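*Asks:* build me a model from this:
(2 chains)
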Amino acid sequence: MSEKEPSICEEKNYNTLFHDYYESATKYIYYKCGDLQQAEDIVQNVFIKLWKLCATISFSKAKAYIYRACNNLFLNEVEHKKVVLKHQKTLVQNIDNESPDFLVEMDEFREKLMAAINTLAVREREVFLLSRVEKKTYKEISEMTGLTVKAIERRMSKALRELREQLGKEIKV
Amino acid sequence: MAEHYETDETFLARWIEGKLSDEERMAFEKTEAFKEFELINKQAQLLSAPSIDAEAAFQKVKSKLQEEKPTKVRSLRRWFAVAASVVLLLGLGYLFTATQTHTTAIGATQTIALQDGIEIHLNSGSSITHKRFFWSLDKEVDLEGEAYFVIEKGNDFAVNTSKGQVTVLGTEFNIKDRGVFQVKCYEGKVSFTADDTDVGTILTQGEQLLIEKDKQIEESTFEAQAPSWRNGISNFEEQPLYLVLEELTYLYPITFESSTVDTDRLFTGSFTHNDLETALKTTLIPMGIRYEITSTGNTIILSEK
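*Replies:* Prediction:
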């Protein structure tokens, strides 16, 4: 006999789901729409809905439900904006001990990289950012988007080729 | 020569995840493009999304849920509960108080069989009312008019009349509650308790009691197997004529115009329930009364010969 699943209607379990998936789901939607406020609203609405439907959704299906519901809500919102990304400066300085010239060059390069990312189609942009920025595996991205791993790999490869096409001439090797 | 990363549509994705074979990877690392891809990959990994305050969002969602629940979800549930209780109470009230009435028209009789072997034969122009549900808990009927009761032994049965209550324990008896009040016991034992007394009058087989107008209770005996009305005949022994006329109006759809006639005279005899003409002849002619039926057929005008 299978173990009885925890109920989402129990506040403790609901809170766990919120803390586990809120941020991740919000970033996912942000990478699609480029509007953080909109992304937060969508995900918050999904979590409100999740509480109301707590009796009808099993705990193990909650993760899939959250991403799918976010995605569905987002499809209704038409506008796609540019994603604004931050640069983790501290990390860079610790890793690299390069010349000031190089650092300036890299700063410029990252600006161009961000611009290039925003020229990607949304379907490639979201996969690329989930993989590179959120460090999700293709399998995890597949669970979030409902696409196959193969489809994720195709989008990822295409994103990389397009980014190189735009940035190749900027890179002095 | 076309490179793998251009022809194989998952090649770069696999490189990112470190899933290329050593051979593929070494060949790829020798290409011009490799360094560009590697720079893109490295730099992209140093980017991050704007920070998200999950705790603030959590509080926001919680407060929204708090707002919605008591006002919408709960109050609606409470109203449902109130409505359901009212319906339930009304339903229970209905169960306990609902009654059923059987009424016979002029000239018609009806037999009503109730649970626990109680049979009520209702004479014409009479009605009986009993509880619709939980009959066995409260075997009581309200009677107007005349009825013959056949009650199986072991029943605690009562009949409420305009003069008082008749209670029984397995018997056959007739109650007539019209101009005259009469209880006749055909079998077993019945008890009559007038409304204004606590003392019951007990009747056994062949005993009857009579209350004429507001007079005292008169007890007497009779000989009969069943009341005559059950055989389609009304019997009278030294009864005032007005009672006979009244009885006729219960059995036939007629009224009498009798203002010029002395209706206090006593009558002994019987009339049939099946034929108005015969019934009028057998009751009125021996009394020396003439009768005329009006053109509508509903009013009988009486006069002295």
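
*Asks:* pLDDT value on the residue of the stretch 101-250 of chain B found nearest chain A, please?
*Replies:* With Cβ to the nearest Cβ, the shortest gap between the stretch 101-250 of chain B and chain A falls at residue B:133, namely 37.6 Å. Every residue, glycine included, has its C-beta placed from N, CA and C. Residue B:133 carries a pLDDT score of 78 in this model.

*Asks:* all helices for the chain, in order.
*Replies:* With no chain named, the answer covers chain A. A:11-33, A:36-52, A:62-75, A:89-95, A:100-119, A:122-132, A:138-145, A:149-167 (DSSP state H).

*Asks:* was after chain B, sorry
*Replies:* Along chain B, the stretches classed as helices by DSSP H are B:4-7, B:11-16, B:22-29, B:32-45, B:54-68, B:75-97, B:241-251, B:276-284.

*Asks:* what does chain B put close to chain A?
*Replies:* B:5-6, B:8-14, B:16-17, B:32-33, B:35-37, B:39-41, B:43-52, B:54, B:57-58, B:60-61, B:64-65, B:68 (Cβ under 8 Å from any Cβ of the partner chain).

*Asks:* let's see that with 7 Å instead.
*Replies:* B:5, B:9-14, B:16-17, B:33, B:35-37, B:39-41, B:43-50, B:52, B:54, B:57-58, B:60-61, B:64-65 (Cβ under 7 Å from any Cβ of the partner chain).

*Asks:* and the residues you listed, which are buried?
*Replies:* B:5, B:9-14, B:16, B:33, B:36-37, B:39-41, B:43-44, B:46-47, B:49, B:52, B:54, B:57-58, B:60-61, B:65 (16 or more other Cβ atoms under 10 Å in any protein chain shown).

*Asks:* who's in contact with the most centrally placed residue in chain A?
*Replies:* The centroid of chain A falls nearest to residue A:28 when counting by Cα atoms, centre = their mean (3.1 Å). Going by Cβ atoms under 7 Å, 6 or more residues apart in numbering or on different chains, residue A:28 touches A:67, A:70, A:126, A:130, A:144.

*Asks:* find the nearest non-adjacent residue to residue B:289, please.
*Replies:* Nearest non-adjacent residue to residue B:289, counting by Cβ to Cβ, 6 or more residues apart in numbering or on different chains: residue B:302, 5.4 Å away.

*Asks:* give me the neighbour count for the one you found.
*Replies:* Burial of residue B:302 is recorded as 20 neighbouring residues (other Cβ atoms under 10 Å in any protein chain shown).

*Asks:* before we move on, back to that, and among the helices of chain B, the most buried is which?
*Replies:* The highest average neighbour count among the helices of chain B, using mean count of other Cβ atoms under 10 Å in any protein chain shown, belongs to helix B:11-16 at a mean of 23.

*Asks:* may I have that helix as PDB, with CA atoms only?
*Replies:* Provided in PDB are the C-alpha atoms of helix B:11-16 (Å, rounded to 0.1, in the frame of the first residue of the first chain):
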ATOM      1  CA  PHE B  11      25.000  19.300 -30.100                       C
ATOM      2  CA  LEU B  12      25.500  22.600 -28.200                       C
ATOM      3  CA  ALA B  13      22.900  21.700 -25.600                       C
ATOM      4  CA  ARG B  14      24.700  18.500 -24.900                       C
ATOM      5  CA  TRP B  15      28.000  20.400 -24.700                       C
ATOM      6  CA  ILE B  16      26.600  22.700 -22.100                       C
END
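
*Asks:* that one - contacts with which helices or strands?
*Replies:* helix A:149-167, helix B:4-7 (3 or more Cβ pairs under 7 Å, 6 or more residues apart in numbering or on different chains; DSSP states H and E).

*Asks:* skipping adjacent residues, who's closest to residue B:140 in space?
*Replies:* Nearest to residue B:140 is residue B:158, by Cβ to Cβ, 6+ apart, at 4.7 Å.

*Asks:* hmm, residue A:114 is touching residue A:85, no?
*Replies:* Yes: at 5.3 Å, residue A:114 counts as touching residue A:85 under the criterion of Cβ atoms under 7 Å.

*Asks:* any idea how chain A splits into domains?
*Replies:* Following automatic domain parsing, one gets these domains for chain A: A:11-75, A:89-170.

*Asks:* which of those has the lowest mean pLDDT?
*Replies:* domain A:89-170 (a mean of 84).

*Asks:* gap between residue A:161 and chain B?
*Replies:* According to Cβ to the nearest Cβ, to the nearest Å, residue A:161 stands 7 Å off from chain B.

*Asks:* tell me how many other residues crowd that residue.
*Replies:* By the measure other Cβ under 10 Å, the count of residues near residue A:161 is 18.

*Asks:* show the contacting residues for it.
*Replies:* Taking Cβ under 7 Å, 6+ apart, we find residue A:161 in contact with B:5, B:12.

*Asks:* report the contact partners of residue B:53.
*Replies:* So residue B:53 contacts nothing (Cβ under 7 Å, 6+ apart).

*Asks:* can you report how many residues neighbour residue B:200?
*Replies:* Neighbours around residue B:200, by other Cβ under 10 Å: 15.

*Asks:* typed the wrong thing, it's residue B:168
*Replies:* Residue B:168, neighbours per other Cβ under 10 Å, totals 24.

*Asks:* closest one to residue B:223 among the helices of chain B?
*Replies:* helix B:241-251 (20.5 Å; Cβ to Cβ).

*Asks:* just checking, what packs against the closest one?
*Replies:* Contacts defined by 3+ Cβ pairs under 7 Å, 6+ apart place helix B:241-251 against strand B:255-257.

*Asks:* what does chain A have sitting close to chain B?
*Replies:* Contact residues, chain A versus chain B (Cβ under 7 Å from any Cβ): A:18-19, A:22-23, A:26-27, A:30, A:36, A:40, A:44, A:47-48, A:51, A:84-88, A:91-92, A:109-110, A:113, A:131-133, A:138, A:150, A:153-154, A:156-157, A:160-161, A:163-164, A:167-168, A:171, A:173.

*Asks:* now, of the residues you listed, which are buried?
*Replies:* A:18, A:22-23, A:26-27, A:30, A:36, A:40, A:44, A:47-48, A:51, A:85, A:87, A:92, A:109-110, A:113, A:131-133, A:138, A:153-154, A:156-157, A:160-161, A:163-164, A:167-168, A:171.

*Asks:* so who does the closest residue in space to residue A:42 that isn't next to it in sequence touch?
*Replies:* Leaving out its chain neighbours, the residue that sits closest to residue A:42 by Cβ to Cβ, 6+ apart is residue A:73, at 4.7 Å. By Cβ under 7 Å, 6+ apart, the contact list for residue A:73 reads A:42, A:45, A:46.
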